[in-house]
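*Asks:* I need the structure of the sequence given here:
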Amino acid sequence: MRIPPVHEVKKRLAELFPDYPESYFTVPARKFTELLRKKWLSNQEVVLSDEDYEALLKKVFIEYEIPSLKRVINATGVVIHTNLGRAPLALEAQEAILRVAKYYSNLEYDLKEGRRGSRYSHVEEILLELTGAEAALVVNNNASAVLITLNTLARGKEVIVSRGELVEIGGSFRIPEVMSWAGCTLREVGTTNKTHLKDYENAINENTAMLLKVHKSNFAIVGFTKEVPAKELVELAKRRGLLVMEDLGSGCFIDFSKYGYQKEPTVQEVLKADVDVVTFSGDKLLGGPQAGIILGKKELIEKIKKNPLNRAIRIDKLTLAALEATLRLYRDEELAVKNIPVLRMILASEEELKKRARKLLNLFKKAGLKEFEFSLVRTMGKTGGGALPLLDLPSFGVSVKCNRLSPSEIQSMLRKVQPPIIVRIEEDQVIFDVRCIYDEELPLLVDAMQRIEEELSGYGS
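*Replies:* Below you'll find the predicted structure:
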């Protein structure tokens, strides 16, 4: 079979997909001819019937049309999965994004005064209401929040940090490095496992600007340990005329210990300790969109707002819309727990999860899949997102075994279905942990396994 020229392939694609202009098919036509060329060069069969030719052409174009950034089904049991987009948004946040995306908005327009306004005003008031802070600023992520705060308040000066709090988070983001980029000089005190108040006090000199406390949200040091509470740092800082900043990382607004989980400091508690500035993420335990939230003393927040860096890291209108809608849910804790997916998933009861897993198991059995063996299993999930590192989340799921496929092969095939399904392998079997799976997604898991079985039987593509 000859390899057709690109213009012929484009013409055929235009016939198969008449809703698109012919110019749209240039790249997929080239991909198609390149695919045939590779087959020919590798001595593969390239004699295609008209039917096979058309089917391959359609497949190439459909794959070309699939977006790179796409929805996936999270069957890993990790709630705030850093690689899978972190926090799924509440319905209220989704609707807010759609309204602002579709129409014009008052992003930087003061409707009351009829003149230019501030984009930050849309979330500042509710942040103050929820936390009791004097002022607020929101930027595009927490790394930016830490960077601009340090750059504004401690540039050219020393910042004292406990050695045990010099953390690294995803993407090799390290506190010492961000301090360097912010123009600060790091002054380490204490040891990895123990830091005392006297360590901070002895390190203070005429060039010290700030005491920085970093919450170890993505790891834990246990055993023979000691760290200085924020309240004690504040008392020391006031005596010596210094500032205190705390980076909470994955800050939260509710006390998880009330629900039987380990204690995690809330934003409100940190502010009550009278720290000058606190920073945290919007898309972790808060359950909103990616954002970096800065709360603190009014005069300091105003200085940060005026930093030229703020223009480069400012938050966009869609994120603002989603964040405001998420924050509004926190006006009532019960409403927040019910409607914010991250909170709902973390706090889901074992009874609820077992019921969902049984439903999935029954769907698999009703589908009559002969190549696979499905079983109800008890398992453990994680909060993820660098939050609550010691917390295991008891969960339930459905395990999958197959004599003809290894667990890694099943895992790979599930990533190729639409929408892709991300699972984990545990004790040499694939696990569908149901904690992060929506009820409406359960039939999609069954459809995916049916397609894999068809492929095994030689009927699927």
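
*Asks:* Check which residues of stretch 384-401 are buried.
*Replies:* Within stretch 384-401, the residues that count as buried by 16 or more other CB atoms under 10 Å are 384-388, 391, 393, 395-400. Where C-beta positions appear, they are placed from N, C-alpha and C, glycine not excepted.

*Asks:* and the residues you listed, which of them are in strands?
*Replies:* Among these, the residues falling in strands (DSSP state E) are 384, 393, 395-400.

*Asks:* With distance to residue 298 and pLDDT as extra columns, can I get those residues in JSON lines?
*Replies:* Converted to JSON lines, those look like this (distance: CB to CB, whole Å; pLDDT from 0 to 100):
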{"residue": "384", "distance to residue 298": "34", "pLDDT": "85"}
{"residue": "393", "distance to residue 298": "39", "pLDDT": "91"}
{"residue": "395", "distance to residue 298": "44", "pLDDT": "95"}
{"residue": "396", "distance to residue 298": "48", "pLDDT": "97"}
{"residue": "397", "distance to residue 298": "49", "pLDDT": "97"}
{"residue": "398", "distance to residue 298": "53", "pLDDT": "97"}
{"residue": "399", "distance to residue 298": "55", "pLDDT": "97"}
{"residue": "400", "distance to residue 298": "56", "pLDDT": "96"}
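
*Asks:* Dump these into JSON lines; add distance to residue 206 as well.
*Replies:* Below are these laid out as JSON lines (distance: CB to CB, whole Å):
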{"residue": "384", "distance to residue 206": "43"}
{"residue": "393", "distance to residue 206": "49"}
{"residue": "395", "distance to residue 206": "54"}
{"residue": "396", "distance to residue 206": "59"}
{"residue": "397", "distance to residue 206": "59"}
{"residue": "398", "distance to residue 206": "64"}
{"residue": "399", "distance to residue 206": "63"}
{"residue": "400", "distance to residue 206": "65"}
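
*Asks:* So which of the residues you listed is the closest to residue 152?
*Replies:* Residue 152 has its nearest neighbour among those in residue 384, at 31.0 Å by CB to CB.

*Asks:* now stretch 92-101: mean pLDDT?
*Replies:* Mean per-residue pLDDT for stretch 92-101: 97.

*Asks:* Buried residues, it. List them.
*Replies:* Within stretch 92-101, the residues scored as buried using 16+ other CB under 10 Å are 92-93, 96-97, 100.

*Asks:* Could you tell me which ranges of the stretch 1-150 of the chain sit under the pLDDT cut-off?
*Replies:* In the predicted model of the stretch 1-150 of the chain, residues 1, 43-47 satisfy pLDDT under 70.

*Asks:* For it, which segments are assigned as helices?
*Replies:* 6-16, 26-41, 50-65, 91-102, 121-131, 142-154 (DSSP state H, counting those that start in this stretch).

*Asks:* surely residue 86 meets residue 284?
*Replies:* Yes - in this structure, residue 86 is within contact of residue 284 by CB atoms under 8 Å, at 6.6 Å.

*Asks:* that older thread, make CSV out of the helices of the stretch 1-150 of the chain and add distance to residue 162.
*Replies:* Formatted as CSV, these follow (distance: least, CB to CB, whole Å):
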stretch, distance to residue 162
helix 6-16, 62
helix 26-41, 54
helix 50-65, 51
helix 91-102, 36
helix 121-131, 25
helix 142-154, 16
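
*Asks:* Just say which of these is most tucked in.
*Replies:* Neighbour counts (mean count of other CB atoms under 10 Å) averaged over each of the helices of the stretch 1-150 of the chain peak at helix 142-154, with a mean of 24.

*Asks:* what residues are up against residue 346?
*Replies:* The contact partners of residue 346, by CB atoms under 8 Å, 6 or more residues apart in numbering, come to 79, 256, 261, 383, 393.

*Asks:* residue ranges of the helices in the stretch 301-450 of the chain, please?
*Replies:* If you assign secondary structure with DSSP H, counting those that start in this stretch, the helices in the stretch 301-450 of the chain sit at 309-312, 317-329, 333-339, 341-346, 350-366, 407-416, 442-457.

*Asks:* Quick check: which of the ones you listed is nearest to residue 59?
*Replies:* Nearest of the helices of the stretch 301-450 of the chain to residue 59, taken as CB to CB: helix 407-416 at 12.7 Å.

*Asks:* Helix 442-457 and the closest one, what's the angle between them?
*Replies:* With axes from the mean of the first three to the mean of the last three CA atoms, to 10 degrees applied, the angle from helix 407-416 to helix 442-457 works out at 120 degrees.

*Asks:* Name the residues of helix 407-416 that are buried.
*Replies:* Neighbour-count burial for helix 407-416, counted by 16+ other CB under 10 Å, picks out 407, 410-411, 413-414.

*Asks:* Can you tell me the centre-most residue of the chain?
*Replies:* Centroid-nearest residue in the chain: residue 86, 1.8 Å away (criterion: CA atoms, centre = their mean).

*Asks:* Please list all residues in contact with that residue.
*Replies:* When contacts are counted by CB under 8 Å, 6+ apart, residue 86 touches 80, 283-284, 290, 385.

*Asks:* From residue 79, how far out is it?
*Replies:* 9 Å (CB to CB, to the nearest Å).

*Asks:* re earlier: okay, the residue nearest to the centre of the chain and residue 442: tell me how far apart.
*Replies:* 23 Å.

*Asks:* now swap in residue 200 and tell me
*Replies:* Distance, residue 200 to residue 442, by CB to CB: 53 Å.

*Asks:* Which one's more surrounded, the two?
*Replies:* More neighbours surround residue 200 than the other of residue 200 and residue 442, with 25 against 20 (other CB atoms under 10 Å).

*Asks:* I'd guessed that one sits against residue 236; true?
*Replies:* Yes - Residue 200 sits in contact with residue 236 when judged by CB under 8 Å, with a separation of 6.1 Å.

*Asks:* which neighbours do the two share?
*Replies:* By CB under 8 Å, 6+ apart, the residues touching both residue 200 and residue 236 are residue 211.

*Asks:* Point out where the stretch 201-350 of the chain drops to low pLDDT.
*Replies:* Looking at the stretch 201-350 of the chain by pLDDT under 70, you get 216-225.

*Asks:* same question, the stretch 351-461 of the chain
*Replies:* Those would be 386-387, 389-390, 459-461, if you go by pLDDT under 70 across the stretch 351-461 of the chain.

*Asks:* so what's residue 205 up against?
*Replies:* Residues counted as contacts of residue 205 (CB under 8 Å, 6+ apart) are residue 158.

*Asks:* Report the secondary structure state of it.
*Replies:* coil (DSSP: H, G, I helix; E, B strand; the rest coil).

*Asks:* and the gap between it and residue 76?
*Replies:* As for residue 205, its distance to residue 76 is 48 Å (criterion: CB to CB).
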